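Asks: after the sequence you'll find the predicted model.
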Amino acid sequence: MKDPVLRELTDALGRAAVMAGEEADSRYANDWAGLEPVTPKAVVRPHTAEEVALALAICHRHLQPVVPQGGRTGLAGAARPSPGAVVLSLERLDRVVDTDPDGATMVVEAGVVLERAQAAAREAGLFLPLDLGARGSCQVGGVLATNAGGNRVIRFGMARENCLGLEAVLADGTHVGRLNRLVKNNAGPDLERLFIGSEGILGVITRAVLRLQPEPVTTMAAFCGLKDFAAVITLLRRARARLGGLLSAFEAMWPEYYELMMSRVARLRRPLAGRHGMYVLLEAQGHDPETDPGRFQRLLEEMVEEGLLEDAALARSEADVRDFWAVRDAVAEFPILFGHDRHVNFDLGFVPERTQPFVEALRRELPRRFPGIVAVFFGHLGDGNIHVVTGLPEGVAKREVEALVYETAGAFGGTISAEHGIGTIKKPWLHLVRGRADLAVLRRLKRTLDPNGILNPGKVVDA
């Protein structure tokens, strides 16, 4: 290779680990955000954390920009290459290093696919509660780097709460962090937390200690039809009170979403016969087959008797549970339903009392500003996370729709990113939810840990 950076990377890591950009598979040119692909200068695929450090040290010395990549399933553009950048793919760091049943922990390398980590936990008789729709593609390092949320945040928290320790490599090749396995470890400030949610701008995660849980013995699920949003909030409050730690998911779907999926996605089975003002997928998981199902059913019966629950389909088998989740997981159909470049995804978060007023505001303002626009609403309501997906009418720029939605979210005290990060797509709107002092500290951290500004340049904040 004629380029001195690529030549040095090849000499250090071997020809199999370094590919010129034009030789690399097109998958490295983008993530799921739907932006225009960018062919990187090269793709580097280290096999160990030591090789990650070696590659970064070389790039640091040459002032060569580097874009870390995991499974590329993000929706904010954080894993999309910058022009002229080297892609650092973690896909070959794919070992489940250790599973400790007694300590209920698992050590994995950053490139382990989440679904594989879940399977390894099951093999040890334990449960990894981190779960996303992209479980078959996303990698643990990326899940942590974006502090992903997913389906069971209401019970187990975000990725941050499921990680006890990690190791990372700084821009200059320095190893930092610790593979802490202790729930209680107060030996000074927790430096490792800096890298969770940092989207690769401060360092590259190479290994992590994941916290495991006892494997559930019972799973109860119901697909519920309710009159309105107020009834949904009552159901959420009652579910928390009656089910406590059993409550594992509370997924809300507004009618726009439910009817679109039922009418356009042929493989889905309609859980309820009638039409309702709101829909909820309620799930609980426990460890007592004698009492858990009864507690779950009594909650539903109580809500029906009080007229708060109009209808509900109770899962009688694992197949029923999968069918219920298929309705919620049909979000993968949006590129087909709207067109790959004709829809906009929003990942927002609100406190409960501001959620419905926000939805009503968008129901008014989107058609007024953009006649003919289609918008649907759904999300992990139990943790305040609401997703909005809109079509993109002809002649309307994506930026116009983003401005309306993000500014409205800010006006209602919400966050512009509940679980998908900032990347490049949401960077122009970060000031709506983070103050000047916060952004100044983020920039100071970036300059301190990455003085040459080579790590994921242009993402989240400018140095």
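Replies: Looks like it arrived, so ask away.
Asks: domain-wise, how is this protein divided?
Replies: Here the domain parsing of the chain from automatic domain parsing is 4-89, 96-214, 218-331, 339-421+431-437.
Asks: ok, the closest residue to R178 other than its chain neighbours - contacts?
Replies: Once flanking residues are discounted, R178 sits nearest to G165: 5.3 Å by CB to CB, 6 or more residues apart in numbering. All C-beta atoms are positioned from the backbone trio N, CA, C, and that covers glycine. Taking CB atoms under 8 Å, 6 or more residues apart in numbering, we find G165 in contact with 177-181, 185, 192, 208-209.
Asks: those residues into a markdown table, with extra columns for distance to V405 and neighbour count?
Replies: Shown next, in a markdown table, are these (distance: CB to CB, whole Å; neighbours: other CB atoms under 10 Å):
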| residue | distance to V405 | neighbour count |
| --- | --- | --- |
| G177 | 36 | 22 |
| R178 | 40 | 15 |
| L179 | 40 | 16 |
| N180 | 39 | 16 |
| R181 | 42 | 17 |
| N185 | 41 | 12 |
| E192 | 33 | 24 |
| A208 | 33 | 30 |
| V209 | 37 | 24 |
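Asks: what mean pLDDT does stretch 46-64 have?
Replies: Summarised as a single mean, pLDDT over stretch 46-64 is 98.
Asks: cool, and stretch 148-158?
Replies: 91.
Asks: what's G200 in contact with, if anything?
Replies: 67-68, 78-79, 145, 455-456, 459.
Asks: that one and L90, how far apart?
Replies: For G200, the distance to L90 equals 10 Å [CB to CB, to the nearest Å].
Asks: common neighbours of these two, please.
Replies: Counting by CB under 8 Å, 6+ apart, the residues touching both G200 and L90 are P68.
Asks: returning to that earlier point: quick check: phi and psi at the residue nearest to R178.
Replies: The phi and psi values for G165, taken as degrees, to the nearest 10, are phi -170, psi 160.
Asks: for it, name its beta-bridge partners.
Replies: Beta-bridge pairing for G165 (DSSP bridges): V209.
Asks: circling back: most widely separated two among the contacts of G165?
Replies: Spanning the widest gap among those are N185 and A208, at 14.9 Å by CB to CB.
Asks: excluding chain neighbours, give the residue nearest to W254 in space.
Replies: F377 (4.0 Å).
Asks: how is that neighbour assigned, secondary-structure-wise?
Replies: The assignment at F377 comes out as strand when based on DSSP: H, G, I helix; E, B strand; the rest coil.
Asks: report the contact partners of it.
Replies: Taking CB under 8 Å, 6+ apart, one finds 253-254, 256-257, 359, 362, 386-388 in contact with F377.
Asks: spatially central residue for this structure, please.
Replies: A148 (3.4 Å; CA atoms, centre = their mean).
Asks: local confidence estimate at the residue nearest to R178?
Replies: pLDDT, read off for G165, is 96.
Asks: state the distance from it to F195.
Replies: 11 Å.
Asks: who touches both of these two?
Replies: G177.
Asks: ok so, going back, put together CSV for the domains of the chain, with distance to T448 on each row.
Replies: Formatted as CSV, the domains of the chain follow (distance: least, CB to CB, whole Å):
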stretch, distance to T448
domain 4-89, 14
domain 96-214, 9
domain 218-331, 38
domain 339-421+431-437, 16
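Asks: out of those domains, which is closest to D450?
Replies: D450 sits nearest to domain 96-214 of all those, at 4.1 Å, using CB to CB.
Asks: what's the spacing between that closest one and its chain's center?
Replies: Distance, stretch centre to chain centre, for domain 96-214: 13 Å (CA atoms, centre = their mean, to the nearest Å).
Asks: any idea which helix or strand in the chain has the lowest mean pLDDT?
Replies: Of all helical and strand segments in the chain, the minimum by mean pLDDT, DSSP states H and E falls on helix 334-338, at a mean of 90.
Asks: ok, then the element right after that one?
Replies: Where DSSP states H and E defines the elements, the next helix or strand beyond helix 334-338 is strand 343-349.
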